[in-house]
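S.K.: coords below, sequence missing:
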Ligand SMILES: Nc1ncnc2c1ncn2[C@@H]1O[C@H](COP(=O)(O)OP(=O)(O)OP(=O)(O)O)[C@@H](O)[C@H]1O
């Protein structure tokens, strides 16, 4: 039986190996079975899991370390607390203490380890980042410290009183000494202990008991842990949720909201005396997540509800109450010595009561929300189709539930720009067109409405199997009942899912992902008909909607058939999402989907954290490979990245080259088996290796936050594709680099391939669709036009890359000044020099490419044949087509 799971990793090995066990895992899970009263150290720097096997064995002390884990592992700490473990989180003091120790000649081996760890840290900074990054890192560090001191509004940090406590602690002591001497602010939150147990050894009065009023929040934390680590409700097994898994999330939120908070029992006087200082600390920290306004309002509502008398009994006189009101949180912090413990307790009580009132109101709302949600699209009066309707900004019945979902199910502290408006528009039942930049958080915009309005089913059309699998997997981990029907499932699995969907009374699925091809299959149409007759299709979501447009870079004929859905089910609202729609594509999407008076929600395409650079590609392959390897070694030695190549052969060769250069990489392309691709993508996502060398198909929907660089070894086929693929970088908002190796040779090659596709006999691309020849020619022309655009983009040495990119999407912007090769070269070397050298290179390129065209023409029949044969097994761009 597993009683606890903590994410741990390797970082500062053996810091505490005296009488203590050090546990860590890097990639693999491991199990520990510590002896009773053992003191253990968990280093939580990287990924991994540790399980406690025997609940009867309480671990005496557990130290959680790891600088990067602070916000994330708050849950872990709570979980450990819940199981009576002593926890100290002191990553920052580790950093400080190790710096301190570096000058200490008496430091023993363990201290050396600390120093080494720290030095390594320093090195990482130097190797990975240039000066700009270092500044950012420093700023981040400062922010972290600020948060830890409780001055910032970041809930992740504020929610963890332990962190605040440990941070307040003596920074200059080594963790080792802290640990040995117990001179640390250790927080004891033991569910079995209702009284205070000061540590005998501790020199500080810093050991706290979990107060009863902590129960509610701990319960929430525990559930979060269970959800994150896939434990069942008792925390006993690691379970895999089936598609029909009943989501505990909404129920939990609702029941938590509905559950009246327990009246706190009066604390024993003796206990208060013993623990006066720590309680003050604990209460203060708890209070610190309450705003001053909340406390004040809480007090007011208390008075209004005629509970003033009760309060008066607890507080000596009204002056004290007034004082409490006016002091506020900051005041309480600064005046903590003058404010008595009782006063804090009163504030907590008042706050609890106020919160209970608010929450009970919310729960009422929730109960009525379902009934208020529209079953049919609301007919808006003269809605403006090109602006966000005022109605989207006003208050709605579902606001509190939407907010709870965002925070408690998806774990976000707030919404990103325009997300709420999109959600409101969808919940209003309006047809909606959404264009948000790559990484802008589009998925959340349709996932939340599907959860909030779960009286029916949201059907999500997605172009790639991998995208569907990824999203369904993530949703299931969050406890959201989602499933997919596609060719990656067995027919039996698909049938079972359909049966589940049709089971009106027992179906709890709220989101179904399907491919556009599936939408026109007779069997599935019948399913849709039945669901629609039951009034259970709530909306159709078209993800990556640009695939519907012939003008778009990823045109997918099956997307055209979505309009049949509108014809068959005219009352079901449609919401279309894309990141790459220039104006012509946008109107194409709206027309093709027959959107009715759609609300259009669009934001800038700007990605400020991305640096764009075009490098000249040498005709000598080994030189280009060497250049890439050098770049990675010099600037990105520990970063995660994607390298795009045009052919499977290039992918394999480049990956092999990098591996020979000791750069850990793997290739990924359409000639691999589906299972292999899934495995490679998973391994890359889990950081088993850092660099993936892939064909151009890999991109849409890849959501790994810390991809620091994207390299195009071959130019992409359009600016949209370029924007989409570079959009995989820097999704955490940190600076990231996008480098494209350009040679006009590649342009001519791709151009040639496009022309070849236009031949009537070349039906390998969309063989199953049997497009008409005329249509193919039209498509070819479009593709050539798209290719020309990216070609011009690469060759333009005068205009800032950002300006060019945004201009393409119909936006006007100022030059980035520092974030593209053109702006940088103009400021550093002078505009003319750079252009001259580049021109020289271009001339070389043109010469080489002309030679190469000669070769292509003479070998035309052979190369075309070879290409066709290869692609008859797997198509290049749409290798994930769901045609089964
Ligand atoms: N409100 C939010 N707060 C914090 N993170 C968020 C929020 N909304 C979304 N995210 C995160 O942002 C990341 C990107 O979201 P998502 O994959 O939906 O982007 P997208 O708009 O679909 O991007 P792309 O078009 O490039 O695929 C995800 O990791 C998601 O969890």
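M.R.: Great, that's in hand. Nothing here was measured: the structure is a model prediction, and the numbers come from that model.
S.K.: Quick check: the residue of the stretch 451-600 of the chain nearest the ligand.
M.R.: The nearest approach of the stretch 451-600 of the chain to the ligand comes at residue 579, 3.8 Å away (C-beta to the nearest ligand atom). Backbone N, C-alpha and C define where each C-beta goes, glycine included.
S.K.: Grab the nearest non-local neighbour of that residue.
M.R.: Sequence neighbours aside, residue 438 is the residue nearest to residue 579 in space, at 4.6 Å (criterion: C-beta to C-beta, 6 or more residues apart in numbering).
S.K.: burial count for that neighbour?
M.R.: 22 (other C-beta atoms under 10 Å).
S.K.: Going by neighbour count, list what's buried in whatever helix or strand residue 793 lives in.
M.R.: Residue 793 belongs to helix 773-795 when assigned by DSSP states H and E. Within helix 773-795, the residues that qualify as buried are 776, 779-780, 782-784, 786-787, 789-791, 793-794, counting by 16 or more other C-beta atoms under 10 Å.
S.K.: nearest to residue 623, of the residues you listed?
M.R.: residue 794 (18.6 Å; C-beta to C-beta).
S.K.: Not counting its neighbours along the chain, what's nearest the closest one?
M.R.: By the measure of C-beta to C-beta, 6+ apart, the closest residue to residue 794 outside its immediate chain neighbours is residue 742, 4.2 Å from it.
S.K.: And the one you found, how far from residue 614?
M.R.: Applying C-beta to C-beta, to the nearest Å, the value for residue 742 to residue 614 is 5 Å.
S.K.: same question, residue 407
M.R.: 42 Å.
S.K.: Same drill for the two, tell me which one is more crowded.
M.R.: For residue 407 and residue 614, the more surrounded residue by other C-beta under 10 Å is residue 614, and the numbers stand at 22 against 15.
S.K.: what's across from the more buried one in the sheet?
M.R.: Beta-bridge partners for residue 614, by DSSP bridges, are residue 740.
S.K.: can I assume it is in contact with residue 805?
M.R.: No. Counting by C-beta atoms under 8 Å, residue 614 does not reach residue 805; the two are 11.9 Å apart.
S.K.: returning to what we had before: which neighbours do residue 742 and residue 614 share?
M.R.: Common contact partners of residue 742 and residue 614 (C-beta atoms under 8 Å, 6 or more residues apart in numbering): residue 794.
S.K.: Confidence-wise, which helix or strand of this protein is lowest on average?
M.R.: Here the helix or strand of the chain ranked lowest by mean pLDDT, DSSP states H and E is helix 155-158, holding a mean of 24.
S.K.: Skipping its backbone neighbours, what lies nearest the residue of the stretch 601-750 of the chain found nearest the ligand in space?
M.R.: The nearest approach of the stretch 601-750 of the chain to the ligand comes at residue 703, 4.2 Å away (C-beta to the nearest ligand atom). Among residues not flanking residue 703 along the chain, residue 731 sits closest, at 6.5 Å (C-beta to C-beta, 6+ apart).
S.K.: Ok, residue 468 next?
M.R.: residue 513 (4.2 Å).
S.K.: Show me what the host helix or strand of that neighbour is packed up against.
M.R.: Under the criterion of DSSP H and E, residue 513 resides in strand 511-514. The contact analysis (3 or more C-beta pairs under 8 Å, 6 or more residues apart in numbering; DSSP states H and E) places strand 511-514 against strand 457-461, helix 465-477, strand 482-485.
S.K.: Cool, thanks, talk later.
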